[in-house]
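Undergrad: My questions are about this predicted structure, shown below with the sequence.
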Amino acid sequence: MRKSYAIISLFLLLSVLFPGCGGDKPEVFRAGVIGENEFDPEVWGKVFPLQYESWLKTEEPKPSDLSMYRRGWDKDKIVYDKLSEMPYLALLFNGWGFGVEYNEPRGHHYAVIDQIDIDPSRTKPGGVCLACKNPMHKSLTEKNGMNYLTASFDSALKMMPEKIQKLGPSCIDCHKPSDMGMRINKTHLENGLKVLGKNEFTRQEQRMLACAQCHITYFVPRNPDKTVAGDVTLPWTGAKWGSISIEGIIKDLLTDTKRIEWKQKITGFDMPFIRHPEFELFTKGSTHFNAGLSCPDCHMPYRRSGSYKISVHDVTSPVKQDFVACAQCHTDKADWLRKQVFTTQERTASMQNRAGYAVATVAKLFEMVNENQAKGKKIDQGLYAKAKDAYMQGYLRLNFISAENSMGFHNPTETARILSDSTAFANKAEAMLRQALTSAGVSVPEKINLELGKYLTNRGIHKRNFVPGQEFKDPYGTQDYFTPKDVKGL
Ligand code: HEC
Ligand code: HEC
Ligand code: HEC
Ligand code: HEC
């Protein structure tokens, strides 16, 4: 480890001595000119063939069995089902698209293709769904406004030239064609950065913003009848750069009905939703963020290609690239790094099991309370309201971490904090609901059967079912005490 620290210190010293250089920047090889509004990566590829070739590789499956928690579109060609991985989510998301089909992410090539393939309940909002996928989203929103945003998903795609329709993250999203410097191509992030009050960025920060265009949480603003009311928006009210907290996000999401996107079937509650908050979790004081890293440092390592050094554009898990990205700072062997990553992820999986099942149990108790109310039992409304508040706090924290794609690695201590708070809120809500039921003369069983099989079977047009081998079980076995097999109902 000594040697490793020395190298890391040298890297950090170099970044201080040469601010804005972020270490060793590859020389840009250029063989032509690209138009200001060129969407077609093939045209960019004529000028930058090495990066283009690397970018095309996001289509290819990655080596199987390297990653522990981010399997999916590997050489086994299995599309992994997040609802089988985290079965409590099937119960909690029941009532809308995410409870029907919710898959592990795969390479950028598939961003739009997967939307076309997925159960149609997931793309019901229409054009607005293309915000974090297609490079033409911004220009079509500027040109056609609500006509594009609320158009059916298919009609929205047809507003683009055929060649652009199936494009995911593309050169024009991240680069200015004039000098290949970084740019952003998403109005929601421009607005989000205004909320953060930040308008000057170092090169490292710009490299991170390229990814923050999509790897952030947002909501699709809704009218009271839940139809789409505008382009996606970031729930960052009150946040600062480097401190977008889960507490702030929850506060923002619970402020008004525009943020209410769906009705949770089991509780009957109107709910907001949290999506892939990689940027938010990473920048909330993680060790690597504090050390000045940005996403491409781990996800787009430099690699030699002939006589040139390029940033790998085949963006994927560093675990599936055998930790080459980490080696520029950590001289430790890949085995050591793998062990660090997996240990962090296993601890997260254990804590997430605890939170997930605690929140799901409360949802089931609300179902019981609502049924008893409908039968005329008098439930203490003050207690009910308090339990609902605690439930929302627990649920949204679980939603945040389960939607984040690193299984804790991006920020292990913050992840642990959020999950333990989630469990604590859920336990509090459970106690209040048990009291409310008991006072109303309803006897509550010690074990609440979650009936997970009911929510996991025969889902959507693809008739998805629970796949036992994909489940993220508690690696320490502790969860079996809280939710043994018969309680899970699987
Ligand atoms: C325009 C939106 C967009 C941008 C910009 C973007 N991503 Fe993605 N990313 C996605 C989507 C969408 C997926 C999932 C695609 C799918 O599953 O079909 C994804 C998937 C991924 C994956 C999983 C790949 C795999 O092999 O499983 C990684 C890792 C990733 N992105 C990292 C990054 C990094 C790092 C950046 C910045 C350099 C970035 N992304 C920029 C939208 C984006
Ligand atoms: C210090 C290195 C590091 C940094 C910096 C980093 N990541 Fe990651 N990221 C990882 C590791 C390790 C994983 C876990 C991969 C696995 O388990 O296979 C991961 C997982 C992911 C995944 C899921 C990958 C998959 O295959 O599904 C996405 C998406 C992602 N990161 C995006 C980002 C974004 C966006 C940023 C910046 C805000 C970022 N990462 C910063 C190391 C890093
Ligand atoms: C998701 C964002 C993203 C997309 C999409 C993307 N790039 Fe990049 N690209 C980057 C980042 C980040 C760097 C590193 C920039 C830096 O360090 O200043 C980079 C660097 C480059 C460089 C500079 C040399 C190097 O390799 O570091 C070239 C040239 C380049 N990209 C070309 C392309 C081309 C061509 C495409 C489309 C086929 C493309 N990029 C798509 C993010 C992206
Ligand atoms: C650009 C340099 C850089 C890269 C790339 C990098 N790291 Fe680090 N890493 C650091 C620094 C700096 C620290 C903090 C060292 C310290 O103070 O202990 C650190 C700390 C760590 C720690 C201890 C974390 C903690 O929270 O205590 C682990 C584990 C780790 N890195 C794993 C990885 C893995 C895995 C990758 C690749 C996916 C990676 N790092 C990529 C610079 C880097």
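TA: Received the coordinates, thanks. Ligands and ions are numbered 1, 2, ... in the order given.
Undergrad: In this structure Val312 contacts Ser54, no?
TA: Yes. When contacts are counted by Cβ atoms under 8 Å, Val312 is listed as touching Ser54 (5.6 Å). Bear in mind the C-beta positions are built from the backbone N, C-alpha and C, glycine included.
Undergrad: and stretch 336-345, anywhere near ligand 2?
TA: Yes. Applying Cβ under 6 Å from any ligand atom, one finds stretch 336-345 in contact with ligand 2 at Val341.
Undergrad: Report whether that stretch contacts ligand 1.
TA: No. Stretch 336-345 is not in contact with ligand 1 by Cβ under 6 Å from any ligand atom; minimum separation 13.6 Å.
Undergrad: Residues in contact with that stretch: which ones?
TA: Outside stretch 336-345, the residues that touch it by Cβ atoms under 8 Å, 6 or more residues apart in numbering are 68-69, 319, 323, 326, 330, 406-409, 412.
Undergrad: is any part of it close to ligand 4?
TA: Yes. With Cβ under 6 Å from any ligand atom as the criterion, ligand 4 is reached by stretch 336-345 at 337, 340-341.
Undergrad: and these as a markdown table, adding neighbour count, secondary structure and pLDDT?
TA: Formatted as a markdown table, these follow (neighbours: other Cβ atoms under 10 Å; DSSP: H, G, I helix; E, B strand; the rest coil; pLDDT from 0 to 100):
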| residue | neighbour count | secondary structure | pLDDT |
| --- | --- | --- | --- |
| Leu337 | 18 | helix | 97 |
| Gln340 | 16 | helix | 97 |
| Val341 | 23 | helix | 98 |
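Undergrad: of all those, which comes closest to Phe269?
TA: Closest approach between the residues of stretch 336-345 next to ligand 4 and Phe269, by Cβ to Cβ: Val341, at 36.0 Å.
Undergrad: Skip ahead from the strand or helix carrying Leu56 and say which helix or strand is next.
TA: Leu56 is part of helix 49-56, with elements assigned from DSSP states H and E. Using DSSP H and E, the helix or strand that follows helix 49-56 towards the C-terminus is helix 82-85.
Undergrad: quick one: contacts of the helix or strand that comes right after that next one?
TA: Where DSSP H and E defines the elements, the next helix or strand beyond helix 82-85 is helix 88-92. For helix 88-92, the surrounding residues in contact (Cβ under 8 Å, 6+ apart) are 82-83, 98-99, 102, 264, 266, 356-357, 359-360, 363-364, 395, 398-399, 402, 450-452, 455-456, 459, 466.
Undergrad: Would you mind naming what in the stretch 51-200 of the chain lies close to ligand 1?
TA: 62, 72, 105-108, 110-111, 114, 132-133, 169, 173.
Undergrad: overlap between these and the residues near ligand 2?
TA: Contacts with ligand 2 within these, as defined by Cβ under 6 Å from any ligand atom: Pro105.
Undergrad: From the residues of the stretch 51-200 of the chain next to ligand 1, which land in helices?
TA: If you go by DSSP state H, these have 111, 114, 173 in helices.
Undergrad: wait, what's in contact with His410?
TA: Contacts of His410 by Cβ under 8 Å, 6+ apart are 278, 281-282, 286, 288, 404.
Undergrad: Of those residues, select the buried ones using a ChimeraX command.
TA: A single ChimeraX command selects the buried members of the contacts of His410 (16 or more other Cβ atoms under 10 Å):
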select :278,281,282,286,288,404
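Undergrad: Can you tell me which of the contacts of His410 lies closest to Asp231?
TA: Minimum distance to Asp231 across the contacts of His410 is 20.5 Å, recorded for Glu278 (Cβ to Cβ).
Undergrad: For ligand 4, see how far away the closest residue to the closest one other than its chain neighbours is.
TA: Leaving aside its sequence neighbours, Glu278 sits nearest to His215 (Cβ to Cβ, 6 or more residues apart in numbering; 3.9 Å). Taking Cβ to the nearest ligand atom, to the nearest Å as the measure, His215 falls 16 Å from ligand 4.
Undergrad: Can you classify His215 by secondary structure?
TA: The three-state label for His215, taken from DSSP: H, G, I helix; E, B strand; the rest coil, comes out as coil.
Undergrad: Ile164: how many residues sit nearby?
TA: Using other Cβ atoms under 10 Å, Ile164 has 17 neighbouring residues.
Undergrad: Thanks a lot, see you next time.
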